[in-house]
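Undergrad: pasting the sequence and the predicted model now:
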Amino acid sequence: MRGIYLALSSLMILLGFDGQADAQEKVVYAVTTSNISVGHAAQSSIPLTEGFWKAEGLDVEVIGLSGATAGIQQVASGQVDFATVGGDALLIARAKGLKVKAVYTYARKSIYRIVVPEDDSVKTLADLKGKTLGAPDMSAGSVPYARAALSSAGVDPQNGVKWLSVGIGGQAANAFRQKAIDGWAAWDTVIASLDRRNFRQRHRCP
């Protein structure tokens, strides 16, 4: 687990963007979640209201995309200029020959967690064997993190757990209430949204 550090990175097309912004150059920046919340303020509202982008001669449109895969595809096709994805997604894309690269790292440690109810029998990652693990969607960066974490705990991430795409926010909360999932592999900002839905008493695995 200590060796797992998924750094969120911004991506750009290798060719066709020289990094120099002319006056009010239009830039489309994709945050790879459909839930752009206060946790993303540093990437959305703060640079807008404080005039940071304008000072650099940029007119930035921030959009939400569902998952890292969508972010990479949109960058590679030229639909967006930058997208936030995990290092794992970037490496997979490069291995497939997609001409994208990381130009900035804004998270120095993993933001991903596996969340379980506090009073649940699951206390460690190994306890998830034979359980159902939810995720916002199967293209989310938290999925490869969870797979690696489970593997490190001796749980086969392919056959040792059942995976279920349950969304975020109220959808994830309902999945827990209905006992459809035993754990949820997600990231800090959407986990915080569970806390606001009376799921405050939870612990993170490991």
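TA: That came through fine.
Undergrad: tell me what the longest helix along the chain is packed against?
TA: For the chain, the longest helix by residue count, based on DSSP state H, is helix 142-152. Applying 3 or more C-beta pairs under 8 Å, 6 or more residues apart in numbering; DSSP states H and E, we find helix 142-152 packed against helix 87-95, strand 112-117, strand 132-135, strand 183-187. C-betas here are computed from N, CA, C, even on glycine.
Undergrad: now with 7 Å?
TA: Identification of packing neighbours for helix 142-152 by 3 or more C-beta pairs under 7 Å, 6 or more residues apart in numbering; DSSP states H and E yields strand 112-117, strand 132-135, strand 183-187.
Undergrad: possible to save those strands as a markdown table with mean neighbour count?
TA: Shown next, in a markdown table, are the helices and strands packed on helix 142-152 (neighbours: other C-beta atoms under 10 Å):
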| stretch | mean neighbour count |
| --- | --- |
| strand 112-117 | 22 |
| strand 132-135 | 23 |
| strand 183-187 | 27 |
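Undergrad: need these in JSON lines (columns: mean pLDDT).
TA: Formatted as JSON lines, the helices and strands packed on helix 142-152 follow (pLDDT from 0 to 100):
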{"stretch": "strand 112-117", "mean pLDDT": "89"}
{"stretch": "strand 132-135", "mean pLDDT": "96"}
{"stretch": "strand 183-187", "mean pLDDT": "91"}
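Undergrad: in a markdown table, list these along with distance to Gly39.
TA: Shown next, in a markdown table, are these (distance: least, C-beta to C-beta, whole Å):
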| stretch | distance to Gly39 |
| --- | --- |
| strand 112-117 | 13 |
| strand 132-135 | 18 |
| strand 183-187 | 9 |
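Undergrad: out of the ones you listed, nearest to Ala42?
TA: strand 183-187 (14.6 Å; C-beta to C-beta).
Undergrad: one step back: how about the longest helix of the chain: buried residues?
TA: Buried residues in helix 142-152, counted by 16 or more other C-beta atoms under 10 Å: 142-150, 152.
Undergrad: ok, then the element right after it?
TA: Following helix 142-152 in sequence order, the next helix or strand is strand 162-165 (DSSP states H and E).
Undergrad: for that following strand, which strands pair with it and how are they oriented?
TA: Here strand 162-165 has these sheet partners by DSSP bridges: strand 132-135 (parallel).
Undergrad: list the contacts of the spatially most central residue of the chain.
TA: Closest to where the C-alpha atoms of the chain average out (C-alpha atoms, centre = their mean) is Gly141, at 4.6 Å. By C-beta atoms under 7 Å, 6 or more residues apart in numbering, Gly141 lies in contact with 6, 68, 85-86, 88-89, 112.
Undergrad: just the helices in the chain please.
TA: 45-49, 52-55, 68-76, 87-95, 142-152, 170-177, 188-195.
Undergrad: pick the most deeply packed of those helices.
TA: helix 68-76 (a mean of 23; mean count of other C-beta atoms under 10 Å).
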